[in-house]
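[1] Any chance you can model this:
(chains A and B)
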Amino acid sequence: MNAPRSTSALLYLSGVTVSFDGFKALNNLSLLVEPGEMRAIIGPNGAGKTTMMDVITGKTRPDSGEVVFDGTADLTKLDEADIATLGIGRKFQKPTVFENHTVRDNLLLALAGLRRWYRLLLAQPTKAEHDRLEHILDIVRLGPQQHMLAARLSHGQKQWLEIGMLLAQNPKLLLVDEPVAGMTDVETETTAQVLREVNKSHSVVVVEHDMSFVRALDVKVTVLHEGSMLAEGSLDQVSADPRVIEVYLGR
Amino acid sequence: MMTRFLWTGMGRNLRLFVLLVLTVGIAVPLLNVLMPQGSPLYVPSYVLQLMGKYLCYASLALAVDLVWGFCGILSLGHAAFFGLGGYCMGMYLMRQIGTRGVYGNPVLPDFMVFLNYKELPWFWYGFDQFWFAAAMVVLVPSLLALALGWFAFRSRVTGVYLSIITQAMTFALLLAFFRNDMGFGGNNGLTDFKDILGYSVQADATRAVLCFASALALALFLVISGAVVGSRFGKALTAVRDAESRMRFLGYRVEGFKLFVFVLSAAMAGIAGALYVPQVGIINPSEFAPGNSIEAVLWVAVGGRGTLVGPVIGAFLVNFAKTWLTGALPEVWLFALGALFIVVTLLLPKGIVGLWAQIKSRNLARKAVSA
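    This next block holds a predicted model:
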């Protein structure tokens, strides 16, 4: 095994292959995300989008290939907690907020910093934490709901809370999986605004089906197909690509 | 810092409840010892003894609730920790008998003489000292919980599989302690205790102090549990219960949280068992019977899982019903227990405390509508 290669990219995937019982979920996938960039990943069902997220967050180990974060960290050797601590936050497809906690407590639990059980026993809230929470509540537009139980939020609000929780971890890279599935048009538009605001201070990778949302994001798009990269560029460029049209419309 | 930790975790209701436990724990023993037998305020000795037992059961229920209600670990083996604490205390009490035993051996307890032991097994050393036995009461259950939890939580064994492991643990202990060559008195267990710290275990005054000590222990456990679940640790703990993998992705090492409450809970159960044994006068392997652990879970379910007051109320109510029914209609008790389990599961998912909260919020809503 070679030493992980040093790269200027924030996230560097090269030749990543994952197979489940012979089925190649990812097939020699390569991807580069630059620091500060927001990238949208699209692709038909089964293209390997979620598996790619699993590999980056340490949930799934690749059979082969390199996954390097922030120039030096080899993600194929770390577990979920290590990777989260390193600065990769993930938002799942299905919102999984802590339903029995208030919105504010959800963000507090996600807040970067204290993680060890023995530190938490005696932890007292600080001014810095308070300010950070207020700031995040502003960005995700949940200030008025902060003392509500997360279970009582609407679907869209839960998604924003999730994004807020990601933000609270202050990761270098946010992985956002299908943020607007099941949202109304207005909520979708708001989500795009929220993510653009988030992108001012963080790098983001968004996986999404909704084309109007991807258009609203207005960022570089990567098209996945059968586990590898099919096309890359602006949404207009890739949607003019005949191979992309074939994949999306051909069958 | 410690007092602030213990105080801030407690809500007003919990403070009141702790005061109630302490008041009962002081009043019942005092009324037994100080009042003359004919007085209407006199508390009979059997009530005192029952109260002491119930208080120990309540501590066990609280221990179960701490892992099950707040961390989602359904332990079906908590009676094992209770029993181990009880055995540690029993060993101390056996060593106190000295030459007053049937065989009059100054070192060996009666059952060892009977089984032809030539000398005291090494693991009985030190138990003639109270401080040593007291330390073991906490250490033995804690270390077992630490070992079991370490392997189970690290291997990410959860849910029903973990429950089965805990059940297997208590069953294994049951079988082991039944064996005469284990050196713990086989199926007769340890009994015929004479005195504790120099006071006769039969005396009303000793019983009164033990009952008070049980109340004190329960109050202390309530305060500690309140502080733990009220802290930021507690928020993280219930989050682990509700969405464990989410917590992992947030960067929490979930094992540490589980292990801490599991060990704390085992230590609480051990102390409860140690206080229980001198009050009932015997400890034998039947304490490890799987049914005992399941009954403790039922107390928690009846009272209200995930609340601190609930398990105490549940332990008292179910055990009161058990004492009464097994006396009045002994053949009915098991059916009543089964029926209770069904009723609670179907109709009272949050137990009695949950029902009360529900009624209260409904009344509030009605008031809001009429206002």
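
[2] in stretch B:118-132, what's buried?
    Judged by neighbour count using 16 or more other C-beta atoms under 10 Å in any protein chain shown, the buried positions of stretch B:118-132 are B:120, B:124, B:127-128. Yep, even glycine has a C-beta here, placed from its N, CA and C like the rest.

[3] Check the secondary structure at the closest residue to residue A:174 other than its chain neighbours for me.
    Excluding the flanking residues, the one nearest residue A:174 by C-beta to C-beta, 6 or more residues apart in numbering or on different chains is residue A:204, at 4.7 Å. Following DSSP: H, G, I helix; E, B strand; the rest coil, we place residue A:204 in the strand state.

[4] any low-confidence regions in the stretch 1-150 of chain A?
    Applying pLDDT under 70 to the stretch 1-150 of chain A picks out residues A:1-6.

[5] what do you get if the cut-off is 50, keeping everything else the same?
    Along the stretch 1-150 of chain A, segments meeting pLDDT under 50 span A:1-2.

[6] and of the buried residues of stretch B:118-132, the nearest to chain A?
    Of all the buried residues of stretch B:118-132, residue B:127 has the smallest distance to chain A: 31.8 Å, by C-beta to the nearest C-beta.

[7] How many neighbouring residues does the closest residue to that closest one other than its chain neighbours have?
    Distance criterion C-beta to C-beta, 6+ apart; nearest residue to residue B:127, sequence neighbours excluded, is residue B:91 at 4.2 Å. Counted by other C-beta atoms under 10 Å in any protein chain shown, the residues lying close to residue B:91 total 26.

[8] Over to the one 3 residues further on?
    Per other C-beta under 10 Å, the neighbour tally for residue B:94 reads 27.

[9] got the residues of the stretch 101-250 of chain B near chain A?
    Counting by C-beta under 8 Å from any C-beta of the partner chain, the residues of the stretch 101-250 of chain B close to chain A are B:228, B:231-233, B:235-236, B:238-239, B:242-243, B:246-250.

[10] can you give me the helices in the stretch 101-250 of chain B?
    B:110-114, B:130-154, B:159-178, B:204-230, B:232-242, B:244-249 (DSSP state H, counting those that start in this stretch).

[11] Reformat these as a markdown table; add mean pLDDT.
    Converted to a markdown table, the helices of the stretch 101-250 of chain B look like this (pLDDT from 0 to 100):
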| stretch | mean pLDDT |
| --- | --- |
| helix B:110-114 | 92 |
| helix B:130-154 | 97 |
| helix B:159-178 | 96 |
| helix B:204-230 | 95 |
| helix B:232-242 | 95 |
| helix B:244-249 | 86 |
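
[12] Please produce a markdown table containing those, extended by distance to residue B:358.
    Shown next, in a markdown table, are the helices of the stretch 101-250 of chain B (distance: least, C-beta to C-beta, whole Å):
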| stretch | distance to residue B:358 |
| --- | --- |
| helix B:110-114 | 52 |
| helix B:130-154 | 34 |
| helix B:159-178 | 27 |
| helix B:204-230 | 21 |
| helix B:232-242 | 20 |
| helix B:244-249 | 27 |
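
[13] now, which of the buried residues of stretch B:118-132 sits nearest residue B:314?
    residue B:127 (33.4 Å; C-beta to C-beta).

[14] Show the backbone phi and psi for that closest one.
    Dihedral pair for residue B:127: phi -70, psi 0, per degrees, to the nearest 10.

[15] OK, contacts around it?
    By C-beta atoms under 8 Å, 6 or more residues apart in numbering or on different chains, residue B:127 lies in contact with B:88, B:91-92, B:94-95, B:133, B:136.

[16] Which one, of the helices of the stretch 101-250 of chain B, ends up nearest to residue B:336?
    Short answer: helix B:159-178, nearest of the helices of the stretch 101-250 of chain B by C-beta to C-beta, at 23.1 Å.

[17] Now do that closest one against helix B:130-154: the angle between them, please.
    Angle of helix B:159-178 versus helix B:130-154, following axes from the mean of the first three to the mean of the last three C-alpha atoms, to 10 degrees, is 140 degrees.

[18] Which residues does helix B:159-178 contact?
    The contact list for helix B:159-178 (C-beta under 8 Å, 6+ apart) reads B:73-80, B:83-84, B:87, B:144, B:148, B:152, B:157, B:182, B:184, B:186-187, B:189, B:284-286, B:288-290, B:292-293.

[19] Throw together a ChimeraX command that grabs the buried residues out of those.
    A single ChimeraX command is used to select the members of those judged buried by 16+ other C-beta under 10 Å:
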select /B:73,74,75,76,77,78,79,80,83,84,87,144,148,152,157,184,186,189,284,285,286,288,290,292,293
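
[20] just checking, residue A:199 touches residue A:38?
    Yes: shown here, residue A:199 and residue A:38 form a contact pair, counting by C-beta atoms under 8 Å, at 4.3 Å.

[21] which of these two has more neighbours?
    residue A:38 (21 against 17).

[22] how about the more buried one, what does it touch?
    Shown in contact with residue A:38 (C-beta under 8 Å, 6+ apart): A:195-196, A:199, A:203-206, A:217, A:219-220.

[23] can you pull out the strands in the chain?
    Let's take chain A. Along chain A, counting by DSSP state E, strands occupy A:11-20, A:23-33, A:38-42, A:64-69, A:73-74, A:88-91, A:173-177, A:203-207, A:220-225, A:228-233.

[24] Chain B was what I was after
    Using DSSP E, strands in chain B cover B:190-191, B:195-196, B:199-200, B:282-283.

[25] quick one: contacts of the last one?
    For strand B:282-283, contacts defined as C-beta under 8 Å, 6+ apart pick out B:83, B:86-87, B:89-90, B:189-191, B:273, B:277.

[26] do stretch A:226-238 as well
    For stretch A:226-238, the surrounding residues in contact (C-beta under 8 Å, 6+ apart) are A:17-18, A:24-31, A:40, A:42-43, A:46-48, A:51, A:211, A:214-215, A:218, A:220-224, A:241, A:243-244, A:247.

[27] Spatially central residue for chain B, please.
    residue B:60 (1.8 Å; C-alpha atoms, centre = their mean).

[28] Deepest-packed of the strands of chain B, please.
    Stretch with highest mean neighbour count among the strands of chain B: strand B:282-283 (a mean of 24; mean count of other C-beta atoms under 10 Å in any protein chain shown).

[29] Would you give the sheet partners of that strand, along with the direction of each?
    If you go by DSSP bridges, strand B:282-283 pairs up with strand B:190-191 (antiparallel).
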